[in-house]
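In: got a sequence here, can you build the structure:
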Amino acid sequence: MSDPARPREAGRYWLPGMNQAKGERPDWSATSRYGLHHAIVNGDTAYGAWRDAGLVMIDVVDRASPKLITHRNWSPPFGGGTHNCLPLPDRDLLVVLDEAVLDHQEDGLKLIWIFDIRCPDNPISIATFPTPCEEDYARKGGHFGPHNIHENRPGSLVSSQLIFATYQNAGVRVFDIRDQYHPIEVGALAPPQPARLVDTRPSRARVIQSTDVFVDRNGIVYCTDYNAGLYIMEYLG
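Out: Numbering: from 1, shown residues only. Presented below is the predicted three-dimensional model:
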């Protein structure tokens with residue numbers, strides 16, 4: 001990015017079996033989605049959310065030649081769909097979110113995990129976030145479960161204690177992880193039924209589907225909802 005008008009590729013990485021152009025062949029099920037959603041880079045490590053392949057940690061000291069540190073996959077038995085891998089470097093923790101992608105939890109219960117990454121070559125899952133349960137969200141319609149978390153981007157709110165997440169038909173949730181072994185929900189806003197749908201696909205349930213979330217440095221929360229547009233909120237603690 002030294003010339004922002006002309007970005008250029010510095011290097012690339014793939015899991016063995018993905019580069020079919022070089023003769024590699026996948027050894028996973030044809031129904032599994034092995035592909036990088038995106039990675040967050042901290043220092044010389046890229047933390048990749050690899051959908052149905054889980055967590056992939058990559059050494060990017062040499063940007064031209066990335067190398068695998070470790071790969072952890074919990075699908076199966078869990079349903080996959082890994083969407084975010086957020087490092088909290090001051091605590092040697094990693095927050096990992098699996099996205100719910102089917103209606104009525106047809107792809108199973110999806111979770112947000114906390115990993116201890118003090119030993120980068122051996123990340124250990126130490127806790128999961130509580131699942132919203134004040135309503136029967138699985139029967140509400142649409143998708144229920146995590147979609148995205150605020151990623152502590154430069155210039156935004158940066159916190160290693162508060163995690164903001166979207167839960168689709170259950171709205172926006174805020175979690176306190178000061179005790180990394182026992183995350184607790186400390187705030188929630190599930191907006192009302194939308195008056196009309198932004199999603200134009202036929203036969204969709206008229207429910208919220210809160211998807212992406214960003215929190216600015218003043219604590220203003222911006223949440224996109226592909227059924228209802230944009231919500232702007234404030235977290236007051």
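In: buried stuff in stretch 69-76?
Out: Using 16 or more other C-beta atoms under 10 Å as the burial criterion, the residues of stretch 69-76 that qualify are I69, H71, R72, N73, W74, S75. Every residue, glycine included, has its C-beta placed from N, CA and C.
In: now flag whichever of these is closest to G48.
Out: H71 (9.1 Å; C-beta to C-beta).
In: okay, now the nearest residue to the closest one once chain neighbours are set aside: neighbour count?
Out: Spatial nearest neighbour of H71, excluding adjacent residues (C-beta to C-beta, 6 or more residues apart in numbering): V56 at 5.1 Å. Neighbour count for V56, taken as other C-beta atoms under 10 Å: 23.
In: residues contacting H150?
Out: With contact taken as C-beta atoms under 8 Å, 6 or more residues apart in numbering, H150 is in contact with S156, L157, I163, F164, A165, V213, F214, V215.
In: out of these, who's nearest A195?
Out: Nearest member of the contacts of H150 to A195, counting by C-beta to C-beta, is V213, at 21.9 Å.
In: is that closest one bridged to anything, and to what?
Out: With DSSP bridges applied, V213 shows beta-bridge pairing to C223.
In: do I have it right that it meets F164?
Out: Yes - using C-beta atoms under 8 Å, V213 is in contact with F164, at 5.3 Å.
In: before we move on, back to that, take the contacts of H150 and write them to CSV, including secondary structure and pLDDT.
Out: Converted to CSV, the contacts of H150 look like this (DSSP: H, G, I helix; E, B strand; the rest coil; pLDDT from 0 to 100):
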residue, secondary structure, pLDDT
S156, strand, 98
L157, coil, 97
I163, strand, 98
F164, strand, 98
A165, strand, 98
V213, strand, 98
F214, strand, 98
V215, strand, 98
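In: before we move on, back to that, which residues do V213 and F164 both contact?
Out: By C-beta under 8 Å, 6+ apart, the residues touching both V213 and F164 are I149, H150, V172, V221.
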